[in-house]
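# I would like to see how this sequence folds:
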Amino acid sequence: MKKTLAPSLQITLRISDIKILHFETTKRVEEILEPLPIDSYEFRFDLKTGSSEPDKIFTNLLYVTLFEKQSDIVKIELAKLHTLTTFQITNYNEVIKKKDDSVIVPNQLISLTAGISISTARGILTLHLKDSKISNAILPIINAQMFIPVKK
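Residues are numbered from 1 along each chain as shown. Got it, this is the predicted structure:
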């Protein structure tokens, strides 16, 4: 049986804007006297995407929450970071399609831009935490495909 592969999608884009929408640490960070062990950190990610055909842009709104994992059940929030990364897509109409009232975003675009947004957030978080006792809380390398929506 011959397997037919989908044609490869060429995406031409650039980062056009990066914004830090929100950053905060909790009072718990002030209470920490010594750096925590690396394996006691846990991160939660939430990604919301958007697009604008007239502007030929695709956006990633990334929410990152950092926790101190005291046990499998007890997790204490330490910090929050919200970023907005905007991508200018040169070949927007070839990449993002409209069907009826819906917008169809290819998985490759979500995965590619999510990886860039996470890397950007990693640098931002590192800078914001550099003088704190939790400066060793570095966003892990994660598979950006985890942000691709599951088809129902």
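
# Provide the backbone phi and psi angles at Ile89.
Main-chain dihedrals, Ile89, degrees, to the nearest 10: phi -110, psi 110.

# Just give me the neighbour total for it.
Applying other C-beta atoms under 10 Å, we find 22 residues neighbouring Ile89. Just so you know, the C-beta spots here come from the backbone N, C-alpha and C atoms, and that holds for glycine as well.

# any chance you could map the strands in this protein?
13-25, 41-52, 57-69, 75-89, 97-99, 102-104 (DSSP state E).

# Each with direction, which strands does the last one pair with?
Listed by DSSP bridges, the sheet partners of strand 102-104 and their directions read strand 97-99 (antiparallel).

# mind giving me a markdown table with the strands of the chain and columns for mean pLDDT and distance to Pro140?
Formatted as a markdown table, these follow (pLDDT from 0 to 100; distance: least, C-beta to C-beta, whole Å):
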| stretch | mean pLDDT | distance to Pro140 |
| --- | --- | --- |
| strand 13-25 | 97 | 19 |
| strand 41-52 | 96 | 7 |
| strand 57-69 | 97 | 11 |
| strand 75-89 | 98 | 14 |
| strand 97-99 | 88 | 33 |
| strand 102-104 | 88 | 30 |
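
# Now for Lys80: which residues touch it?
22-24, 63-66 (C-beta atoms under 8 Å, 6 or more residues apart in numbering).

# Revised request: answer the last question for Thr113.
13, 49, 58, 60, 85, 87.

# Against Glu53, how distant is it?
According to C-beta to C-beta, to the nearest Å, Thr113 stands 16 Å off from Glu53.

# just Thr65 next, same as before
32 Å.

# Name the residue in the two with the higher neighbour count.
Between Thr65 and Glu53, Thr65 has the larger neighbour count (other C-beta under 10 Å), namely 16 against 12.

# So what pairs up with that one in the strands?
Arg44, Lys80.

# What's the separation between it and Lys97?
Counting by C-beta to C-beta, the gap from Thr65 to Lys97 is 33 Å.

# residues in contact with Leu139?
Leu139 neighbours (C-beta under 8 Å, 6+ apart): 43, 64, 118, 121-122, 125.

# Show the backbone phi and psi for it.
Main-chain torsions, Leu139, degrees, to the nearest 10: phi -50, psi 130.
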